[in-house]
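J.: quick check, what structure comes out for this input:
(one chain, ligands or ions: 1)
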Amino acid sequence: METNKSLINHYKKIRHFTEELCEPLKIEDYAVQAGLEVSPPKWHLAHTTWFFETLVLKPYVENYQVFHPDYDYLLNSYYEKLGTFLRRDLRGILSRPEIHEIYEYRNYLDQHMIELMETLDLHKDNEQCKKIFSLIELGLNHEQQHHEGLLADIKYNFWMNPLRPAYKRMEKPADFKRTSYSSSSPAWLEFSGGLVQIGQDGTGFSFDNETPQHKIWLEDYSLCTRPVTNGEFLQFMADGGYRKSEFWLSDGWKVIQQEEWEAPLYWEKIDGKWSVFTLSGMKEIEEDAPICHVSYYEAAAYANWAGKRLPTEGEWENAVINSEIDIKGNFIESGLYHPSPSIVMNNGLAQMYGDVWEWTASSYTPYPRSKPLPDIAGEYNHKFMCNQVVLRGGSCTTPISHIRPTYRNYFHPDKRKQFSGFRLAEDID
Ligand SMILES: [Fe+2]
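T.: As a prediction, the model looks like this:
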């Protein structure tokens, strides 16, 4: 049972971590928006604050005075019920408010949030308190999503800068030991199909897109014990993978023609050799590390080339539950912010969590009997359930406390700014 003190500590930790992630930035970095789908770091800092103000303080604290009357317009991301808002592609015009004003906003909000949390009656059957607690949990999980978004956007901004600056020079910590195994010999693990349960059972926090728990039918299948590696993806490229239409979905083929893709995002050929841009700057490609920053289209093309397929989200979830995989791995806490080579796990499956989000073959649609949250929070997930694909498992920029076996991330199939990779699956005859 959460106590007021533990809730406040949890709140402070997550809020502080957002600011910690911004510490390596220079003042000029805060306002940059190098692409239409990137938000400037200062917007992330302010928007996560606005989220608490709008969902918790304004409706539930009597006589709460908003910090600034115009922030609703500047910082609303996509909540139509709240009225009009600044277009996403214009967030880079926000030279004002200045960054110190945004930090003042964060402090103002935190003070009011802490006052509220001190008085919350968490142990009694008080509907109002329960509602506020759920919204605070949602706000904290939302802020953790922005931890990941911040790093992805900073990476893109720095990549677009011809100087290719490093965000922070990260080295593998001494205790971060991994025994890599050859990229040429992936192992496979078989799973029995049948009627299985997926989805969150209602205990503990989850987003509304993970519920309710329900039954699905799976045929027998096997799953590769680790994600596809850079070395393997290089073989696909060397075999003309980006130039042979037979491997590609029609939409994917169109995208790679239009965008002239010939490699994953952040790859660059230097002196005839592929290198990769990381948050530590340009690095040599590590052949045993998972492929990262690929779109669903590239994942699907690779799977076709390899004569395999991507797993469905049900197969992915059933595998982690069946194999009782612990949630550990290369998450944001490792401070690497880059995927690392796989390790051989005792139970066979490696890197189901952390390193790279794994594209699945599943469209992002509501689960049977799924219901959006009430009020404004109802716009959080369900309205995006069209034309997007589910990814599972978290990445090297996901906070470890944020991920669950049932967690459903989702992107459009052409997106590759996030730390996305994939693993292969196969039918068993
Ligand atoms: Fe957000």
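
J.: buried sites along the helix or strand F133 falls within?
T.: Following DSSP states H and E, one finds F133 within helix 127-160. Across helix 127-160, burial judged by 16 or more other CB atoms under 10 Å covers 129, 132-133, 135-144, 146-159. Using the backbone N, CA and C atoms, a C-beta is placed for each residue, glycine as well.

J.: pLDDT on it, on average?
T.: Here helix 127-160 scores 96 as its mean pLDDT.

J.: cool, and stretch 381-392?
T.: Averaging pLDDT along stretch 381-392 yields 96.

J.: how many residues are close by Q111?
T.: Look at Q111: counted by other CB atoms under 10 Å, it has 10 neighbours.

J.: is it in a helix, a strand, or coil?
T.: Going by DSSP: H, G, I helix; E, B strand; the rest coil, the secondary structure assigned to Q111 is helix.

J.: go on, the one 4 residues further on?
T.: Reducing the assignment at E115 to three states with three-state DSSP gives helix.

J.: chain center to the helix holding F133, what's the gap?
T.: Its chain's C-alpha centre and that of helix 127-160 lie 10 Å apart, by CA atoms, centre = their mean, to the nearest Å.

J.: for that helix, packing partners?
T.: Identification of packing neighbours for helix 127-160 by 3 or more CB pairs under 8 Å, 6 or more residues apart in numbering; DSSP states H and E yields helix 4-22, helix 41-52, helix 58-60, helix 99-119, strand 273-278.

J.: so what's D355 up against?
T.: 227, 289-290, 292, 329-330, 339-340, 342, 395-396, 419, 421 (CB atoms under 8 Å, 6 or more residues apart in numbering).

J.: could you say which helix or strand holds it?
T.: Using DSSP H and E, D355 falls within no helix or strand.

J.: what sits closest to it if chain neighbours are left out?
T.: Nearest residue to D355 in three dimensions, chain neighbours excluded: P339, at 4.2 Å (CB to CB, 6 or more residues apart in numbering).

J.: try N304
T.: Per CB to CB, 6+ apart, closest to N304 is F247, 4.4 Å.

J.: list the residues that contact the closest residue to W305 other than its chain neighbours.
T.: Once flanking residues are discounted, W305 sits nearest to F247: 4.8 Å by CB to CB, 6+ apart. Contacts here follow CB under 8 Å, 6+ apart; on that basis F247 touches G241, A301, Y302, N304, W305.

J.: just the closest of the residues you listed to K273, please.
T.: Comparing the contacts of F247 against K273 with CB to CB places G241 closest, at 17.9 Å.

J.: contact partners for that closest one?
T.: Going by CB under 8 Å, 6+ apart, G241 touches F247, A301, Y302, W305.

J.: ok, now Q144?
T.: I14, T398, P399, S401, H402.

J.: mind checking which of these are in helices?
T.: Counted as lying in helices by DSSP state H, out of the contacts of Q144, are I14.

J.: which two from the contacts of Q144 end up farthest apart in space?
T.: I14 and T398 (13.1 Å).

J.: among those two, which residue is more densely surrounded?
T.: Neighbour totals were compared for I14 and T398, and T398 leads with 28 against 21 (other CB under 10 Å).

J.: spit out the contact partners of that one.
T.: T398 sits next to Q144, E148, F331, I332, G354, W357 when contact means CB under 8 Å, 6+ apart.

J.: bridged to the last one, which residues?
T.: As for beta bridges, W357 partners with S420 under DSSP bridges.
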